[in-house]
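# Give me a model of this one.
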Amino acid sequence: MGIARLTARSSLGAALVLVGVAVLALGVVELALVLETPVGPPAALALFVVVAWVYAGAGLLAWWRRPRNRFGAVLLLGAFAWLAADLANVPNRVLIAVGTVLATAPLAVVIHLLLAFPSGRLLTPASRVVVAAAYVVALVLQAPLYLFTGAPAPFDLLVVADRPDLAATGARVQQAAGGVVLLATAGILVARLRRATPAQRRVLAPLAAYGTLAVPSLSVIANWIAPAYGLRPETVALVQLTVLAGIPVAFTLGVLRGGFTRTKEIEELAEWLGASGGARLSLSDALARTLGDDSLQLVFRAHDRYVAADGVPVELPEPGSGRRAVEIELAGRRVGAIVYDATLIADAELVRTAGRVVAIAVDRERLTAELRASQDALRLSRARIVEAGDRERRRIARDLHDGLQVRLVLLAMDAQQVAEGPGAPAGTREAAVALRVGIDAAAAELRRLVHAVMPAALIERGLAAATEDLVDRMPVPTRLDLGAIDDRLAPAVESTAYFVVAEGLTNALKHARARHLLVRLASTDGRLVVEVHDDGVGGASASGSGLHGVADRVDTLGGRLQVRSAVGGGTVLVAELPCAS
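Here you go, the predicted model:
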């Protein structure tokens, strides 16, 4: 997971570099075209491109530092809007037409920035309506100015008639509509300021004031300040563009300050906690989205250690590793911790705030993680008991086979020698023969006992050979289908799989009245699949004592056992076991 997140981060960096190179290259080309035959003061014309680069640099920085924050994307939109507007100064009829249509688009982007700060999203219907209106004013109401204003070539591509009256009316309508949009924007911002905390106002108020006043200040500079001080047209243009260039810088600094930027998203996190279960992300994903760190990990305190959501123990990051952890407390108890990338989230207080918001939910999930950890510990304990029991079975079987059984064979040989010895009385020979027969019977019974405890073939040659031996001894036709399995598996897996086969075959003979049997063994995706098929009467269940014991063994090893048995359709016993060899 960490590698995937690192790769995503690298991909984002590469994409942003490409965007930056593209904006830089487009600006250089546009600058060369504009200055080749300038239609106005060269410094002012060049400043259009410089402003676009400022927007692009601010947008790239904001997007890199806050990947989940859309504010960087809006700033990049502003960069392309400025480049597009400057096309009106390029000596090409088509490009001039494009630039003329988009001449006031950067002003609409300013409104967008104001209402999307700091998350980059328009969170209320009112803000979405106002921003849409701003783009309509900039793009649609701009049309009368270029359709009805007579102009010489190459600026006349879009002119349909020389109607100064219509152009003037259109300009007045656009200005009035723009004023309404500015007033609505100011109203929304004032409402936000009233709801904000004092700390938030210290960040939002100057930015809102600067952005809101920047647009009307362009007209004030041109119509009031310039005549009053006798400013040259190029000076007026430079001042206006400088004012607009300061907007992305100011807003980006506000985004990167950290404290205010996540406040709204933390409020949304609190609202998320009240959502219905089906509509919710996981708690960890919600925190990652809120704090803007895809690598964020939520861990839980269980049994004096930290565990992941699946109960697996984890260690908190070491100092200097680039990652940090903020512990979450509830009523003085440590219930979890948030592990995050310190390069993405510089303000640990933000993480603590988010932790306090979700503390109760973390405690609930902590109990789940603690239960999973306990279940894992119980499963491991049961597995160790099974493994210990199997080891003891193998030891007993080996001791009986190599010890007592050998001694019985030697005793049988001695009895045979006595029975065949020269000069032995007839009664002695008869007694010796009877003794040998009894010893042979005892040895046969011992072999059956050893086989029941742990088959010798399973100990010496593995699961495949032991299963083949078992199939060969079946009184009805039985087919063995051996897939690709390892020569030797873990002893507990081999013995459990063997007992599944043995129990399935025994039940098929005793209860199902089967005439044909099939045993299949195969390994797939790290699991051993054991199947026993019969063509008997069906209707079997997993409630029998034999199957119940086998099911316990399978479950202990982390596997599962299924019985499919339709009446009249035979029975299929399927066991899946983890088969780490």
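# how many other residues sit next to R202?
Number of residues near R202 (other Cβ atoms under 10 Å) recorded here: 12. All C-beta atoms are positioned from the backbone trio N, CA, C, and that covers glycine.
# Actually, V131.
23.
# Now the one helix or strand it maps to: buried residues?
With elements taken from DSSP states H and E, the one containing V131 is helix 125-139. For helix 125-139, burial by neighbour count (16 or more other Cβ atoms under 10 Å) applies to 127, 130-131, 133-135, 137-138.
# what's the following helix or strand after the helix or strand of the chain with the lowest mean pLDDT?
The helix or strand of the chain with the poorest confidence is helix 263-273; it has a mean of 62 (mean pLDDT, DSSP states H and E). Using DSSP H and E, the helix or strand that follows helix 263-273 in sequence is helix 283-291.
# What pairs with the helix or strand following that next one, parallel or antiparallel?
Once the chain leaves helix 283-291, the next helix or strand it forms, by DSSP H and E, is strand 297-302. According to DSSP bridges, strand 297-302 forms sheet pairs with strand 305-307 (antiparallel), strand 333-341 (antiparallel).
# Which one of those strands lies nearest to A205?
strand 333-341 (29.7 Å; Cβ to Cβ).
# Measure how far that closest one is from the centre of its chain, please.
19 Å (Cα atoms, centre = their mean, to the nearest Å).
# Tell me which of the strands paired with strand 297-302 is the most buried.
strand 333-341 (a mean of 21; mean count of other Cβ atoms under 10 Å).
# can you list the weak-confidence ranges in the stretch 151-300 of the chain?
196-200, 203, 254-281 (pLDDT under 70).
# what do you get if the cut-off is 90, keeping everything else the same?
151-162, 164, 167, 171, 175, 178-179, 182, 185-296, 300 (pLDDT under 90).
# That one: helices as residue ranges?
Assignment of helices within the stretch 151-300 of the chain using DSSP state H, counting those that start in this stretch yields the ranges 164-195, 198-220, 226-229, 233-256, 263-273, 283-291.
# In CSV, list those along with distance to P319.
Listed next are the helices of the stretch 151-300 of the chain as CSV, based on distance: least, Cβ to Cβ, whole Å:
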stretch, distance to P319
helix 164-195, 39
helix 198-220, 29
helix 226-229, 58
helix 233-256, 24
helix 263-273, 26
helix 283-291, 20
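# which one of these has the most crowded surroundings?
Among the helices of the stretch 151-300 of the chain, judged by mean count of other Cβ under 10 Å, the one packed with the most neighbours on average is helix 283-291 (a mean of 21).
# So which elements touch that one?
In terms of contact count using 3 or more Cβ pairs under 8 Å, 6 or more residues apart in numbering; DSSP states H and E, helix 283-291 is assigned the packing partners helix 263-273, strand 297-302, strand 333-341, helix 348-357, helix 359-399.
# re earlier: looking at the strands paired with strand 297-302, which is closest to V173?
With Cβ to Cβ as the criterion, V173 lies closest to strand 333-341 of the strands paired with strand 297-302, at 50.5 Å.
# Go ahead and measure how far the helix or strand harbouring L77 is from the middle of the chain.
Per DSSP H and E, L77 falls inside helix 71-86. Counting by Cα atoms, centre = their mean, helix 71-86 is centred 31 Å from the centre of its parent chain.
# Now it: buried residues?
71-72, 74-86.
# So if we follow the domain assignment, how does the chain break up?
For the chain, the structural domains run 9-256, 280-376, 391-453, 462-578, going by automatic domain parsing.
# Check the ones you listed for me: which has the lowest mean pLDDT.
Sorting the domains of the chain by mean pLDDT places domain 391-453 lowest, at a mean of 73.
# Y55 reaches W82, doesn't it?
Yes - the criterion here is Cβ atoms under 8 Å, and Y55 meets it with W82 at 6.2 Å.
# related to what we said a few turns ago, which one among the buried residues of helix 125-139 gets closest to V299?
Using Cβ to Cβ, those come closest to V299 at S127, 37.2 Å.
# wait, what's in contact with the closest one?
By Cβ atoms under 8 Å, 6 or more residues apart in numbering, the residues touching S127 are 115-116, 188.
# Save the residues you listed as JSON lines, and put in distance to E468 too.
Below are the contacts of S127 laid out as JSON lines (distance: Cβ to Cβ, whole Å):
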{"residue": "L115", "distance to E468": "76"}
{"residue": "A116", "distance to E468": "72"}
{"residue": "I188", "distance to E468": "80"}
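# Looking at those, which is nearest D535?
Nearest to D535 among the contacts of S127, counting by Cβ to Cβ, is A116 at 70.0 Å.
# how many neighbours does that closest one have?
What A116 shows, counting by other Cβ under 10 Å, is a neighbour count of 23.
# before we move on, what about the one 5 residues further on?
Residues near R121, counting by other Cβ under 10 Å, number 18.
# Mind checking what secondary structure it has?
coil (DSSP: H, G, I helix; E, B strand; the rest coil).
# Phi and psi next, for it.
phi -120, psi 150 (degrees, to the nearest 10).
# How about it: what's its closest non-neighbour residue?
Of all residues not flanking R121 in the chain, R70 sits nearest, at 5.6 Å (Cβ to Cβ, 6 or more residues apart in numbering).
# residues touching that neighbour, list them.
So R70 contacts 116, 119-121 (Cβ under 8 Å, 6+ apart).
# Please consider this matter closed, and thank you.
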